[in-house]
Every structure is written in C-alpha cells, then in structure tokens.
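Colleague: I'll drop the sequence and a predicted model, then ask my questions.
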Amino acid sequence: MEVSSGLNPRPNSHALDRDKDHEEKEAADIENLELETVVHDYHFRSMSALEILRETVRILRYNSAGFMAIVAVLICPVSAVVLSNVLVNQSLSKWLSIRLLLIAKSSGLPLRPFVKHSCQKLSESVVSVTLSFPLFITLSLLSKAAVVYSVDCTYSRRKFDSSKLYVIVSKIWKRVVFTYLWVCLVVSGCVTLFLVLLIVVSSVFFLIMGFPSDLILYPAMVVGFLFSVVLANTIIICNIAIVISVLEDVSGPQALLRSSSLIKGQTQVGLLIFLGSTIGMAFVEGLFEHRVKTLSYGDGSSRIWEGPLLVVMYSFVVLIDSMMSAVFYFSCKSYRMESANEENEPVLEALTIPSVQ
C-alpha cells in the first residue's frame with residue numbers, strides 16, 4: 001500500500017503521452033518513407049503496366065480520403081447513369097439500330113445474331129453518349145481533373161485540399177474542356193471512319209467481286225480488329241491528353257500531339273492499361289445487366305443492394321483507370337527525360353500545377 005500510494009500518477013500520464021507521440025511520429029515516418037520510396041523509384045525510370053498498377057495502389061493508400069471523396073461526389077453519379085442507361089431513349093436507339101441493319105444488309109453483310117447485336121449495342125452507345133454528354137463534360141471531366149490533382153498532391157507530399165482544387169480547376173477548366181471537345185471529335189471521327197471503311201470493304205467484296213454474304217463477314221472482322229487496335233491507341237492518346245491539359249499549359253490539338261509524342265516507346269504499356277480497364281468495366285457492366293436489369297432469378301429483392309454495390313465497383317474501376325493514366329503520364333515523361341539524359345531535373349518539379357495555385 002505504501003509503495004502504491006507513493007507512486008505519482010502524473011509521470012505515468014506523461015509517459016503514456018510520450019509513448020503515444022512516439023508511435024504517431026513513427027507512423028508518420030513510415031508513411032513519409034513509403035512515399036519517398038515511391039517518388040525516388042519513379043524518377044527517371046519507365047514502368048510496366050503492373051508497376052503502374054502497384055504505384056496506383058500506393059498512391060490510393062496514401063491519399064485515400066481525397067480519392068474516396070472524388071468517387072462519392074463525382075464518379076458515382078456518372079456511373080449510376082451509365083450502368084442504368086436511364087438517359088437512353090429506347091425508341092431513338094431502336095430507330096438507329098434499324099438504320100444500321102439496313103446499311104449492313106445493303107452492303108452485303110449477313111444479318112446474323114452477332115451483326116444484329118453489334119448494331120444494337122452501337123446504337124445504344126451512340127444514343128447514351130449523346131444524351132449523357134452534359135454529364136460527361138461536367139462531372140466526369142471534373143473527376144478526371146480532380147484525380148490528376150490528387151496524384152500530383154501525392155507526389156508533392158501534400159494532402160488533398162478541396163479549396164485548392166477549386167482554385168486550380170477554375171484556372172485550367174477552359175483548356176481542359178477544350179481538350180475534351182477535341183477528344184470527342186477525334187473518337188467520333190475514328191468511329192465514323194470505321195463505319196465508312198466497313199461499308200466500303202463489304203460493298204467491294206459483295207457487289208464487285210461477287211462474294212457470298214457468309215464470306216464477307218471475314219474481311220469485315222479483319223477491319224473490325226484493325227479498328228479496335230486503332231481505337232485503343234486513340235483512346236490512350238486522348239486520356240493522356242486530358243492529363244496533359246491539367247498539368248501543362250497546352251490544350252486541344254497541341255495536347256493531343258504532345259500526348260502522341262510522349263507515349264512513343266511506351267505504347268504497349270498503355271495498351272495493357274487500356275485492356276485491363278476495359279475488361280474491368282465490361283465485367284461490371286455485364287454483372288449489372290444480368291443481376292439488376294434482367295430479372296433472371298428470385299423475386300428481384302437483391303437489386304436493392306446489388307445495384308448500388310455494382311455502381312460502387314464500376315466507380316472504383318473508373319477511379320483506378322484515371323489514376324493509372326496520370327501515373328502513366330509521369331512514367332512516360334520520366335522515360336523521355338531518361339532518354340534525353342536530363343537527370344539534373346526531377347520530373348515532378350517540372351509540373352505546372354503549383355504555378356497556378
């Protein structure tokens with residue numbers, strides 16, 4: 001009793017405070033060490049697609065609060081609209097699908113289920129993108145800019161700040177929108193060129209060479225494969241152009257040219273990133289189509305929780321895709337500086353975001 005009464009509790013509380021402060025300091029040191037490792041590993045070194053994915057996960061862990069806020073406020077509403085097709089006009093989509101089928105038939109393509117399904121999906125996509133364009137040019141584009149800003153904050157060892165984001169976006173918004181309009185123009189031109197080329201090739205084989213309809217499907221599939229490769233490269237260039245319009249003082253055609261020049265030598269990495277993101281989005285879209293839109297089992301009560309869950313999953317895939325595009329930009333820029341032997345200036349110090357704050 002005397003020993004216990006002689007002990008003063010105040011030193012114990014101070015010791016606990018010191019231990020707590022020490023633990024917090026150690027946690028902060030570990031976090032900073034992890035980030036420094038990310039930054040130093042990044043400098044003057046190109047990355048593979050898997051390394052970019054790992055880098056993305058590390059960035060997401062470091063600045064998780066900011067990215068989760070972007071998902072909740074900006075990405076989820078767009079994902080809900082895209083998955084549910086709530087803005088798609090079914091009558092307009094059906095009319096466009098019939099017109100595409102008539103064009104396919106007149107050019108000699110056999111109206112097999114695959115061709116009918118492709119025409120239907122293409123018409124739904126065109127109508128959905130057209131009617132959802134105001135949502136894409138506002139929330140979706142803002143989310144991309146916010147993700148790029150957050151990635152830059154991570155490399156600059158700064159936490160996500162919504163007030164600074166508002167100031168930065170207000171200054172760069174015009175050039176980002178201008179670049180996005182050019183991106184839409186380029187992608188639309190690629191799709192239009194594909195349809196025209198497909199009609200021309202099919203007509204040549206059907207009307208001039210006299211091939212039967214069943215054989216015309218094979219050259220059409222070759223054209224479709226070549227188009228998918230061209231479209232994938234185009235989308236990669238367009239995604240990096242959006243990142244460039246946020247981080248550099250260029251926009252529109254200049255951003256697209258800068259992007260195409262920047263990814264030279266790294267196209268395979270970009271294709272793998274695009275392929276992974278496309279498979280992820282298509283997988284979630286298929287689940288939503290089967291589990292939510294189509295009542296193929298039970299009484300449909302599971303839609304109440306499966307629908308929001310799939311929307312969150314789709315939003316997370318979109319977030320990872322945007323983050324990987326930003327990290328891919330840094331990797332390509334580092335690769336370019338490494339090739340030019342410009343090792344005296346770190347890549348991240350050349351960014352223009354701090355200059356617009």
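Modeller: That came through, no problem. Numbering: from 1, shown residues only.

Colleague: isn't residue 186 up against residue 238?
Modeller: Yes. With contact defined as C-beta atoms under 8 Å, residue 186 reaches residue 238; the gap is 6.3 Å. Where you see a C-beta, it was placed from the backbone N, CA and C, and this is true even at glycine.

Colleague: shared neighbours, these two?
Modeller: residue 256 (C-beta atoms under 8 Å, 6 or more residues apart in numbering).

Colleague: just checking, what packs against the helix or strand harbouring residue 195?
Modeller: Applying DSSP states H and E as the criterion places residue 195 in helix 162-203. Judged by 3 or more C-beta pairs under 8 Å, 6 or more residues apart in numbering; DSSP states H and E, helix 162-203 is in contact with helix 141-155, helix 213-247, helix 253-262, helix 353-356.

Colleague: neighbouring contacts of the first one?
Modeller: The contact list for helix 141-155, computed with C-beta under 8 Å, 6+ apart, reads 35, 38-39, 42, 59, 62-63, 66-67, 70, 74-75, 78, 159-161, 165, 168-169, 172-173, 176-177, 180, 242-243, 246-247, 318-319, 322-323, 326-327, 330, 348, 351, 353.

Colleague: ok, which of the helices and strands packed on helix 162-203 comes nearest residue 277?
Modeller: Each of the helices and strands packed on helix 162-203 has some distance to residue 277 by C-beta to C-beta; the shortest is helix 213-247, at 9.4 Å.

Colleague: now do that closest one against helix 141-155, angle only.
Modeller: 60 degrees (axes from the mean of the first three to the mean of the last three C-alpha atoms, to 10 degrees).

Colleague: could you check the angle helix 213-247 makes with helix 162-203?
Modeller: Using the same axes, to 10 degrees, the direction of helix 213-247 lies 160 degrees away from that of helix 162-203.

Colleague: and residue 221, what's its pLDDT?
Modeller: Residue 221 carries a pLDDT value of 85.

Colleague: other SSEs contacting the helix or strand where residue 83 lies?
Modeller: Per DSSP H and E, residue 83 falls inside helix 76-84. Judged by 3+ C-beta pairs under 8 Å, 6+ apart, the packing partners of helix 76-84 are helix 133-135, helix 267-288, helix 303-339.

Colleague: buried stuff in the shortest one?
Modeller: In terms of neighbour count (16 or more other C-beta atoms under 10 Å), helix 133-135 has no buried residues at all.

Colleague: same question for the second one.
Modeller: For helix 267-288, a neighbour-count test (16+ other C-beta under 10 Å) marks 269, 270, 273, 274, 276, 277, 280, 281, 284, 287, 288 as buried.

Colleague: residue 201: which of those residues is nearest?
Modeller: Distances from residue 201 to these, taken by C-beta to C-beta, are shortest for residue 274, at 25.2 Å.

Colleague: which ones are touching that closest one?
Modeller: Counting by C-beta under 8 Å, 6+ apart, residue 274 has contacts 232, 235, 236.

Colleague: just give the closest residue to the second one, not the sequence neighbours.
Modeller: Pointing back at residue 235 there. residue 274 (6.2 Å; C-beta to C-beta, 6 or more residues apart in numbering).

Colleague: before we move on, what about residue 165?
Modeller: residue 149 (5.4 Å).

Colleague: relative to residue 319, how far out is the one you found?
Modeller: As judged by C-beta to C-beta, to the nearest Å, residue 149 and residue 319 stand 13 Å apart.

Colleague: average pLDDT across stretch 110-126?
Modeller: 84.

Colleague: send the alpha carbons of it over as CSV?
Modeller: Provided in CSV are the C-alpha atoms of stretch 110-126 (Å, rounded to 0.1, in the frame of the first residue of the first chain):
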residue,chain,number,x,y,z
PRO,A,110,-25.3,-11.3,-93.4
LEU,A,111,-27.8,-10.4,-90.7
ARG,A,112,-26.5,-12.9,-88.2
PRO,A,113,-27.2,-12.6,-84.5
PHE,A,114,-23.7,-11.2,-84.0
VAL,A,115,-24.3,-8.4,-86.5
LYS,A,116,-27.7,-7.6,-85.1
HIS,A,117,-26.3,-7.5,-81.6
SER,A,118,-23.4,-5.3,-82.7
CYS,A,119,-25.8,-2.8,-84.4
GLN,A,120,-28.0,-2.7,-81.3
LYS,A,121,-25.1,-2.1,-78.9
LEU,A,122,-23.6,0.6,-81.2
SER,A,123,-26.9,2.4,-81.4
GLU,A,124,-27.4,2.3,-77.7
SER,A,125,-23.8,3.5,-77.1
VAL,A,126,-24.3,6.4,-79.5
